[in-house]
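Colleague: please work out how this folds:
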Amino acid sequence: MWVISELENGQIMDVTFELLGAAKELDAKMGETCCAVLITAAAGELPAQLIAGGADTVYVIEDAKYADYSTELYTDAICQLVKKYEPSSVMFGATDDGRDLAPRVAARLHTGLCADCTALDVTEDKLVAWTRPALGGNICATIVCDQHRPQMGTVRPKVFKALEPDNARTGEVIAFTPEAGAVNHVELLAKESLSSENAVKIDEADMLAAGGRGFGSKENFDVLEQLAALFENSAVAGTRAAIDEGWLSHPQQVGQSGKTVKPHIYFACGISGAVQHLCGMKESDIVIAINKDADAPIFTVADYGVVGDVNVILPKLIEKIKAYKG
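Modeller: Prediction:
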């Protein structure tokens, strides 16, 4: 099984190590080896990090033209690599780049793609069983690709746990140079961060203060900023309704059409708990829910629940936490 590595600012993203952990488990059932594909301008110590993270073999495609992600160049490189080594299955992270790249590779290779997977397993015939939300998140569908190869899927970040790095592991590093052919028709003019320099990404936060339509207005979301400020490595997040209202930006969205998160503490404030939202946060270590509706679905996944108006309860909760810390 192959895992397509993803880099950010020259560093391997966490989702790559999460997928390596999942691939190791599946490979043990299928009798295969775990391989990583690294496309980069400068490999350096990155192959060693992938081997420490679980890869038995690392295919390295190294060239200055791969300094920034390019749909056309990356698609061409991966397709050439797949055609030469013929893996049985390939996994991508369900990230912005992964969701752009995977379907193009699948179409070029004339194979299927199961997108946005939240669970993986192996069938009796040793095929990958890809499980993903379907019908608006109301059911989970398990899909197999038994007619074409490679089997392909994108997997959500934070679904699987990365293995503990083992720097004593050894593996094979194979350099591959694609034949010339693909042309990049997109010129990168500038990069601009979507958030402030020191902002914590919601899928990397240890504590999330999340809000929904129950807040009633964008101004009322200021109290979530106050709550998050009381914790280290924290961030503010929200439901799709909050994003649609313009109260928060899309990178802050949790749920089926947003990000999957797994913080230590998740405050669900004014969130009813639609299944599309629950699938993105239900694996949080501790869920604390505040909602006026005692029958709200959010309470089915909450470790602690408070029934009441979030605009009344949160300011009191913040004062209590400040008093405790002070």
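Colleague: quick check: closest non-adjacent residue to the residue nearest to the spatial centre of the chain.
Modeller: With distances taken as Cα atoms, centre = their mean, P157 lies nearest the centre of the chain, 2.2 Å away. Ranked by Cβ to Cβ, 6 or more residues apart in numbering and with sequence neighbours excluded, the top spatial neighbour of P157 is V15, at 4.2 Å. Where C-beta positions appear, they are placed from N, C-alpha and C, glycine not excepted.
Colleague: now swap in D100 and tell me
Modeller: T71 (5.8 Å).
Colleague: what of K282?
Modeller: Per Cβ to Cβ, 6+ apart, closest to K282 is V301, 4.8 Å.
Colleague: quick one: pLDDT of that neighbour?
Modeller: As predicted, V301 sits at a pLDDT of 91.
Colleague: what about it, distance to I265?
Modeller: Going from V301 to I265 by Cβ to Cβ, to the nearest Å gives 14 Å.
Colleague: again, but for L20
Modeller: Where I265 is concerned, L20 sits at a distance of 27 Å (Cβ to Cβ).
Colleague: the more surrounded of these two?
Modeller: The residue with more neighbours, out of L20 and I265, is L20; 27 against 17, by other Cβ atoms under 10 Å.
Colleague: in stretch 59-73, which residues are buried?
Modeller: The neighbour-count check on stretch 59-73 (16 or more other Cβ atoms under 10 Å) flags 59-62, 66, 69-71, 73 as buried.
Colleague: ok, for N220, nearest residue in space, not its chain neighbours?
Modeller: N220's closest residue in space is N311 (Cβ to Cβ, 6+ apart), at 5.7 Å.
Colleague: run the chain-centre distance for the helix or strand in which that neighbour is found.
Modeller: Element membership of N311, judged by DSSP states H and E, is helix 310-325. On the basis of Cα atoms, centre = their mean, to the nearest Å, helix 310-325 is displaced by 32 Å from the centre of the chain it belongs to.
Colleague: can you show me the CA trace of that helix as CSV?
Modeller: Coordinates of each C-alpha in helix 310-325 appear next as CSV, following Å, rounded to 0.1, in the frame of the first residue of the first chain:
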residue,chain,number,x,y,z
VAL,A,310,-25.1,29.7,25.8
ASN,A,311,-25.0,33.5,25.9
VAL,A,312,-25.9,33.4,29.6
ILE,A,313,-23.8,30.4,30.7
LEU,A,314,-20.5,31.0,28.8
PRO,A,315,-19.7,34.4,30.5
LYS,A,316,-20.3,32.8,33.9
LEU,A,317,-18.2,29.8,32.9
ILE,A,318,-15.4,32.1,31.8
GLU,A,319,-15.4,34.0,35.1
LYS,A,320,-15.3,30.6,37.0
ILE,A,321,-12.3,29.5,35.0
LYS,A,322,-10.5,32.8,35.5
ALA,A,323,-11.1,32.7,39.2
TYR,A,324,-9.8,29.1,39.4
LYS,A,325,-6.7,30.0,37.4
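Colleague: what is the rounded mean pLDDT of it?
Modeller: The pLDDT scores in helix 310-325 average 90.
Colleague: which other helices and strands contact that helix?
Modeller: Under the contact criterion of 3 or more Cβ pairs under 8 Å, 6 or more residues apart in numbering; DSSP states H and E, helix 310-325 touches helix 222-228, strand 286-291.
Colleague: may I ask which helix or strand of this structure has the lowest mean pLDDT?
Modeller: Taking mean pLDDT, DSSP states H and E as the measure, strand 139-143 is the helix or strand of the chain with the lowest mean score, a mean of 82.
Colleague: partner residues bridging V173?
Modeller: With DSSP bridges as the criterion, V173 is bridged to V58.
Colleague: can you report how many residues neighbour it?
Modeller: 16.
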